[in-house]
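> coordinates for the following, if possible.
(2 chains)
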Amino acid sequence: MPDLFAPGDRVRTTNLDPPHHTRVPRYARGAPGVVVEVEGHHPLADDRARGLPTTPQPVYAVRFTARDLFGEGDHSVTLAVWETHLRAEP
Amino acid sequence: MSGDHTGTDAAIAAQVRHVEALLEERGLVDPKELDRAMEAFLAKANPDNGARLVARAWLDPAFHHRLLTDASTALTEIGLSMGGGLQEQRLKVVANTPTTHNVIVCTLCSCYPVALLGPSPTWYKSEAYRSRVVRDPRSVLAEFDFHLPPTTTITVWDANAETRFMVIPQRPKNTDNLDEHALANLVTRNGLIGVAPL
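Sure thing, here's the model as predicted:
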């Protein structure tokens, strides 16, 4: 499977609150951001933590503005997000 | 956010000792083997490594470029590696400029480039630092007595997955006559995390 996203693409994190480990931190759920780079391909940590079988998938560095995350602030936060947790943002 | 690691260190340490004792009791691990592995890793894991990378980058623009674009490969040029743990980790190096500043955190737990910076400081693992620096980095840096001008743009890098981060601080003024070794001596661990100027 080719990578779904490339640097510069606008994306949004999924807004889920699963009852298990997840690598989408609460502060970044449902937030719009921009892909900075592909960090690599890794098994989904959310599944590994539950002992489920996993195959590697793209992990992206995604930049979010503080305003989009917290409603205020002039900085940005860059976070790694597995492809499963991203949707294309129009 | 996951738990406050500073508050549970003792409980985790007790669990680790218990598991270690069971492994030894059942002959699965040689007691000396673990000590040897830890000592060998920590003997090499030192902020001097990060400082060497920074000094070389300040002096060599081509190396600086390679470090920013493919740090994991560039660091092997001076005999360093991100290995030593369970798996070799990807390194991403980010550089401060007169108008942009970078600061590192792991909001998940305490992910940190141990091989280049040595064991992480206690505050790095505290819930206060992990939760606050993503939300209000300017105030947190001010508590480190590091006051950035309002015009400086701040980027926080959350090491929540498979990449570890290191900051190239701005080269201090009036250091044109210093050699690589002398420059490396100016670099501090906190500078490599992005919470202190040099």
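
> use CA for all of it now, contacts and neighbours both
OK.

> quick check: the most far-flung residue of chain B relative to its centre vs chain A, distance?
Farthest-out residue of chain B from its mean C-alpha position, per Cα atoms, centre = their mean: residue B:26, at 36.1 Å. Remark: distance between residue B:26 and chain A (Cα to the nearest Cα, to the nearest Å) = 25 Å.

> low-confidence bits of chain B, can you list those?
B:1-9, B:84-87 (pLDDT under 70).

> the domain parsing of it - what is it?
B:1-43, B:45-193 (automatic domain parsing).

> for those domains, which one ends up most surrounded?
domain B:45-193 (a mean of 18; mean count of other Cα atoms under 10 Å in any protein chain shown).

> what about that one, start to end distance?
15 Å (Cα to Cα, to the nearest Å).

> is chain A contacted by that domain?
Yes. Using Cα under 8 Å from any Cα of the partner chain, domain B:45-193 reaches chain A at B:107-108, B:134-137, B:153-163.

> and stretch A:11-20, how far from the chain's centre?
Stretch A:11-20 sits 9 Å away from the centroid of its parent chain (Cα atoms, centre = their mean, to the nearest Å).

> ditto for stretch A:62-79
Relative to the chain's own centre, stretch A:62-79 is displaced by 13 Å; criterion: Cα atoms, centre = their mean.

> show me what the mean pLDDT comes to for that stretch.
Looking at stretch A:62-79 alone, the average pLDDT works out to 97.

> which outside residues touch it?
Stretch A:62-79 is contacted from outside by A:27-28, A:31-37, A:61, A:80-81, B:134-137, B:153-160, using Cα atoms under 8 Å, 6 or more residues apart in numbering or on different chains.

> before we move on, what about stretch B:172-184?
Against stretch B:172-184 from outside (Cα under 8 Å, 6+ apart): B:48, B:51-52, B:54-56, B:59, B:198.

> next SSE downstream of the helix or strand where residue B:37 lies?
Using DSSP states H and E, residue B:37 sits within helix B:31-44. On the C-terminal side of helix B:31-44, the closest following helix or strand by DSSP H and E is helix B:47-59.

> tell me the contacts of the closest residue to residue B:153 other than its chain neighbours?
In space, and not counting its chain neighbours, residue B:153 is closest to residue B:100: 4.7 Å by Cα to Cα, 6 or more residues apart in numbering or on different chains. When contacts are counted by Cα under 8 Å, 6+ apart, residue B:100 is found next to B:152-155.

> among the residues you listed, which one lies nearest to residue B:43?
Nearest to residue B:43 among these, counting by Cα to Cα, is residue B:155 at 31.7 Å.

> packing partners for the host helix or strand of the closest one?
Assessed by DSSP H and E, residue B:155 sits inside strand B:153-158. Applying 3 or more Cα pairs under 8 Å, 6 or more residues apart in numbering or on different chains; DSSP states H and E, one finds that strand B:153-158 contacts strand A:76-82, strand B:100-105, helix B:127-135, helix B:137-143.

> among these, which comes closest to residue B:187?
Short answer: strand B:100-105, nearest of the helices and strands packed on strand B:153-158 by Cα to Cα, at 15.3 Å.

> and the spatially most central residue of chain A, how far from chain B?
Using Cα atoms, centre = their mean, the residue of chain A that lies closest to the mean C-alpha position is residue A:81, 2.5 Å off. As judged by Cα to the nearest Cα, residue A:81 and chain B stand 8 Å apart.

> and that residue, what are its bridge partners?
Taking DSSP bridges as the rule, residue A:81 bridges to residue A:60.

> wouldn't it be in contact with residue A:23 here?
Yes. Residue A:81 is in contact with residue A:23 according to Cα atoms under 8 Å; the separation is 7.4 Å.

> list residues touching both of those two?
The contact sets of residue A:81 and residue A:23 overlap at residue B:161 (Cα under 8 Å, 6+ apart).
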